[in-house]
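S.K.: Return atomic coordinates for the entry below.
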Amino acid sequence: MLLLALGLLWPRLDLGVAMSRIAFWFLIYSALAILAAYVMAGLWGAGNETMPLAAGAFHGSAFQEAVIKGVAYSSAPTGLIAFALILWGLRFERA
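M.R.: A predicted model of the protein is given here:
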C-alpha cells in the first residue's frame with residue numbers, strides 16, 4: 001500500500017535524477033528487507049530477539065537471530081533516508 005501511494009505521489013517530487021534514484025532504490029530496499037526478515041523468521045521459527053510480539057516464544061540459533069536482526073535493522077536507515085528525500089522533494093510547489 002505504501003509503494004502504491006508513493007507511486008502516485010512520485011511525479012510531484014522536485015528531486016534531481018540522482019536523488020530520485022537514491023530515494024527510489026532505498027525505499028525498495030527498505031520495504032523488501034523488512035519483509036525478508038519476517039519471512040526468514042517465519043521459515044526458521046525464530047526472531048524472538050528482534051520481533052518478540054511476532055515471534056512469541058520461538059527462538060532460533062544465535063546465527064539465525066543475528067541474520068534476522070541484521071536484515072531487519074538494515075531497513076531502518078535506508079527507509080529514513082528515502083522518506084527524508086521524499087519529504088525534501090515535496091517542499092516546493094510547482095510553478
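S.K.: From what I see, residue 64 and residue 46 are in contact.
M.R.: Yes: the criterion here is CB atoms under 8 Å, and residue 64 meets it with residue 46 at 4.5 Å. Using the backbone N, CA and C atoms, a C-beta is placed for each residue, glycine as well.
S.K.: how deep is residue 19 tucked in, by neighbour count?
M.R.: Residue 19 has 15 neighbouring residues, counting by other CB atoms under 10 Å.
S.K.: same check, this time on residue 50
M.R.: By other CB under 10 Å, the residues close to residue 50 number 20.
S.K.: give me phi/psi at it?
M.R.: For residue 50, the backbone dihedrals are phi -90, psi -40 (criterion: degrees, to the nearest 10).
S.K.: Quick check: the gap between it and residue 80.
M.R.: Between residue 50 and residue 80 the distance is 18 Å, computed by CB to CB, to the nearest Å.
S.K.: next one: residue 16
M.R.: Per CB to CB, residue 16 is found 20 Å from residue 80.
S.K.: Same drill for those two, tell me which one is more crowded.
M.R.: A direct count of neighbours by other CB under 10 Å for residue 16 and residue 80 places residue 80 higher, at 12 against 9.
S.K.: Please report the distance of the more buried one from residue 58.
M.R.: 29 Å.
S.K.: ditto for residue 77
M.R.: For residue 77, the distance to residue 58 (CB to CB) stands at 27 Å.
S.K.: So between the two, which is more surrounded?
M.R.: residue 58 (14 against 11).
S.K.: Which residues are in contact with the more buried one?
M.R.: For residue 58, the contacting residues are 41, 45, 46, 47, 48, by CB atoms under 8 Å, 6 or more residues apart in numbering.
S.K.: top of the residues you listed by neighbour count?
M.R.: residue 41 (26 neighbours).
S.K.: mind listing the helices in this structure by residue range?
M.R.: 2-9, 17-44, 52-55, 62-89 (DSSP state H).
S.K.: Compute the inter-axis angle for the last one and helix 17-44.
M.R.: Here the directions of helix 62-89 and helix 17-44 differ by 150 degrees (axes from the mean of the first three to the mean of the last three CA atoms, to 10 degrees).
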